[in-house]
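1. just coords:
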């Protein structure tokens, strides 16, 4: 059965509860904004593109039963919703991009009735979902060209079906290469502390019959030194105008190691993950998450002494110099990124 | 109370059961060779220098009740014991070094009675322990000179009290620097899959009142990029004649990252960790450990899909080019390692 990470169903948001994987494929129906906010914060739904969809559906969920009688009233309500959802997670730009698209619908329809606008919001949310499905397949199509039969590919976190609507960005490239008949061997970094690589990536690759081997994050370098990694590919949570890329903590480490071992390092992401309003990665806010994710959460019992200090950043920033190419729905972007990112956006909007 | 990782007590080997930490400080009395073999394999006692002591006490434990009537008979029994203990773990040279020292005692006393030799073996085992205590303090003394007040130091795995008799190699350097009044901030990599950094290093540093912050292994690079790591120090399981160093998986990764971020990278180990019989790290055997250490062991429930392939090497090799200096009980060895290691051994044996 084909998976869909997030969708609108029975007047609610239906998501795969990713905290239950790999043990159970369990769906969760979300009825209100608070439920959505918590699902995002607790990573029941995660992945930059999936968060874009969550933003779209979330705004509609929050407004669909509104009693607002005027455009102004509806607009104020939506502003409140947008503000609230924006506090759920700070780094992935797609969340804000999705919220902005929904806000744009309200602004564009100043002279329309609340009911009309609600309907337009619903259409916009569904459009975000439909567009992501297409974008991921385009990323796959472009990216697969970079991969050869019998390539061994290392990836981190989960940039697959479960990070998007139904196909993936980094893993979408791998899926497409496999669909083209290429035999790809994947090494999945487990991705501490929340183990998205072990729990989600290994799960969805195995489900698709793709050859996957799980490693701990600190084993990637040894594997590279042994010549067993031919390419590295990761997703992105936010890409600055110069190509600097925020992604799951550990990505920067892999980029440095790839550089030293002369292994191509690719980022795969839709244009919606770019934030052209910021010049470089320095301006990307980084979420610091609670200590218990490192010391407790998945464990039978605490694995560190009580009260120990913990540093637990959710993301790091990979400088553009370390990125071989960025695979997008608008094609493959290569250095010089500042110029070529601008060009890609210009072409895409023509 | 001062800790002692391994000692002879009540005619048995008494160890701290390190699999119980950080929750409980529990001691285990080992009565027979099989028990010791399992304790080593299951990492109840671990750390290269501690394994040297385990080898010494182990041979004595195995021979003390021997009914051997001649030197030849005793020698055969000891050869069997040595052969058996040597199969427990393949990488840390100190285990083999300890076994060899014990074998040497038998060879040296060809004309002596079994009882005399047993007594000599007991003395040799205790000597290994006494020498380690001194060696670690010398390592601390030499190494502390490299550290300044307010240094922030990153370390991996556990090269502390729990890896030696009672002081540590890499952590011994930190203990000594702190004893000299330097304020040292330590970042401990949790060290997947067996979490020796979280369970052991954070525990013993905290117990000593040293400022320690726990991170996941994949966070080290980001921390370095932020300029928050001034030095990196790790222990060693085996050092080749050219300085190539086998240590816990993830050490090589840190060495590469230190190199790129221009951070000094130190190895701390006693001379007993050097294996001059091998030219380079290529010849060091690497232990591959079972998949469940990555997917199950510490977790409430499996964190990866059932039957997923896992790559779980226990060690990696850091090429000597990436090592700023090797801190030993015979002083600090700097490049060119091939020459200077030879010199250090020559001076030590004069």
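-> Alright, I've got the coordinates. The structure presented is a predicted model; accordingly, all values stated were derived computationally and were not measured.
2. list the helices and strands the helix or strand containing residue A:118 packs on?
-> Assigning secondary structure by DSSP states H and E places residue A:118 in helix A:114-144. For helix A:114-144, the elements it packs on are strand A:6-9, helix A:48-63, helix A:71-86, helix A:93-108, helix A:170-179, strand A:265-268, strand A:325-328, strand A:331-333, judged by 3 or more CB pairs under 8 Å, 6 or more residues apart in numbering or on different chains; DSSP states H and E. In this view, the C-beta of every residue, glycine as well, is placed from N, C-alpha and C.
3. and if we set it to 6 Å?
-> With contacts defined as 3 or more CB pairs under 6 Å, 6 or more residues apart in numbering or on different chains; DSSP states H and E, the packing partners of helix A:114-144 are helix A:48-63, helix A:93-108, helix A:170-179, strand A:325-328.
4. how is whichever residue of the stretch 251-350 of chain A sits closest to chain B assigned, secondary-structure-wise?
-> Closest to chain B within the stretch 251-350 of chain A is residue A:253: 3.6 Å, counting by CB to the nearest CB. Three-state assignment for residue A:253 (DSSP: H, G, I helix; E, B strand; the rest coil): helix.
5. shouldn't it be in contact with residue B:219?
-> No. Counting by CB atoms under 6 Å, residue B:219 is not a contact partner of residue A:253; they are 8.2 Å apart.
6. in terms of neighbours, single out the busier of those two.
-> When residue A:253 and residue B:219 are compared for neighbours, residue A:253 comes out ahead with 29 against 26, by other CB atoms under 10 Å in any protein chain shown.
7. grab the nearest non-local neighbour of that one.
-> The spatially closest residue to residue A:253, leaving aside those adjacent along the chain, is residue B:221, at 3.6 Å (CB to CB, 6 or more residues apart in numbering or on different chains).
8. what's the separation between the one you found and residue B:136?
-> Look at residue B:221 and residue B:136: by CB to CB, to the nearest Å, they are 30 Å apart.
9. try residue A:323
-> Distance of residue A:323 to residue B:136, computed by CB to CB: 44 Å.
10. tell me which of those two has more neighbours.
-> Neighbour comparison, residue A:323 and residue B:136: the larger count goes to residue B:136, with 30 against 25 (by other CB under 10 Å).
11. any idea whether the closest residue to that one other than its chain neighbours is helix, strand or coil?
-> For residue B:136, ignoring the flanking residues on the chain, the nearest one in space by CB to CB, 6+ apart is residue B:167 at 3.8 Å. Put simply, residue B:167 is coil when judged by three-state DSSP.
12. number of nearby residues for residue A:47?
-> Residue A:47 is surrounded by 31 other residues when neighbours are defined as other CB under 10 Å.
13. residue contacts, the residue nearest to residue A:253?
-> Contacts of residue B:221 were listed using CB atoms under 6 Å, 6 or more residues apart in numbering or on different chains, and they are A:252, A:253, A:256, B:257.
14. would TSV of those with distance to residue A:332 and pLDDT be doable?
-> Conversion of the contacts of residue B:221 to TSV gives the following (distance: CB to CB, whole Å; pLDDT from 0 to 100):
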residue	distance to residue A:332	pLDDT
A:252	21	98
A:253	24	98
A:256	22	98
B:257	28	98
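15. by neighbours, which of these wins?
-> Neighbour counts for these were taken using other CB under 10 Å; the highest belongs to residue A:253, with 29 neighbours.
16. now that residue: how far from residue A:244?
-> For residue A:253 relative to residue A:244 (CB to CB), the value is 15 Å.
17. kindly report the residues of chain A close to chain B.
-> If contacts are counted using CB under 6 Å from any CB of the partner chain, the residues of chain A sitting beside chain B are A:22, A:192-193, A:195, A:198-199, A:202-203, A:206, A:213-219, A:221-222, A:249-250, A:252-253, A:256, A:260, A:298-300, A:303-305, A:308-311, A:316.
18. now the residue at the greatest distance from the centre of chain A: closest residue in space, sequence neighbours ignored.
-> Among residues of chain A, the one most distant from the C-alpha centroid is residue A:69; the distance is 36.4 Å, by CA atoms, centre = their mean. Closest residue to residue A:69 apart from its sequence neighbours, by CB to CB, 6+ apart: residue A:114 at 6.8 Å.
19. tally of neighbours for that neighbour?
-> Residue A:114 has 20 neighbouring residues, counting by other CB under 10 Å.
20. pLDDT on stretch A:290-310, on average?
-> Per-residue pLDDT values over stretch A:290-310 give a mean of 91.
21. in that stretch, what counts as buried?
-> Neighbour-count burial for stretch A:290-310, with 16 or more other CB atoms under 10 Å in any protein chain shown as criterion, is recorded at A:291, A:293-295, A:297-299, A:303-305, A:308-310.
22. can you list contacts of it?
-> If you take CB under 6 Å, 6+ apart as the criterion, stretch A:290-310 is touched by A:193, A:312, B:22, B:195, B:198-199, B:202-203, B:206, B:213-214, B:298-300, B:303.
23. now the buried members of those residues.
-> Neighbour counting over the contacts of stretch A:290-310 (16+ other CB under 10 Å) leaves A:193, A:312, B:22, B:195, B:198-199, B:202-203, B:206, B:213-214, B:298-299, B:303 as the buried ones.
24. okay, and which of these map to helices?
-> Secondary structure defined by DSSP state H assigns B:202, B:203, B:206 of the buried ones among the contacts of stretch A:290-310 to helices.
25. need the contact list for the last one.
-> It stands for residue B:206. Residue B:206 neighbours (CB under 6 Å, 6+ apart): A:305, B:212.
26. the closest residue to residue A:172 other than its chain neighbours: neighbouring residues, count only.
-> Once flanking residues are discounted, residue A:172 sits nearest to residue A:140: 4.0 Å by CB to CB, 6+ apart. Residues lying near residue A:140 (other CB under 10 Å) number 26.
27. where does residue A:140 land on pLDDT?
-> According to the model's per-residue confidence, residue A:140 sits at a pLDDT of 98.
28. what kind of secondary structure is residue A:224 in?
-> Taken by three-state DSSP, the conformation at residue A:224 corresponds to helix.
29. check the secondary structure at the closest residue to residue A:41 other than its chain neighbours for me.
-> The shortest distance from residue A:41 to any residue other than its chain neighbours is 5.3 Å, reached at residue A:88 (CB to CB, 6+ apart). Remark: residue A:88 carries the secondary structure label coil [criterion: three-state DSSP].
30. if we can go back for a sec, residue B:134 is in contact with the residue nearest to residue B:136, correct?
-> No. Here residue B:167 does not reach residue B:134: they are 9.5 Å apart, not a contact under CB under 6 Å.
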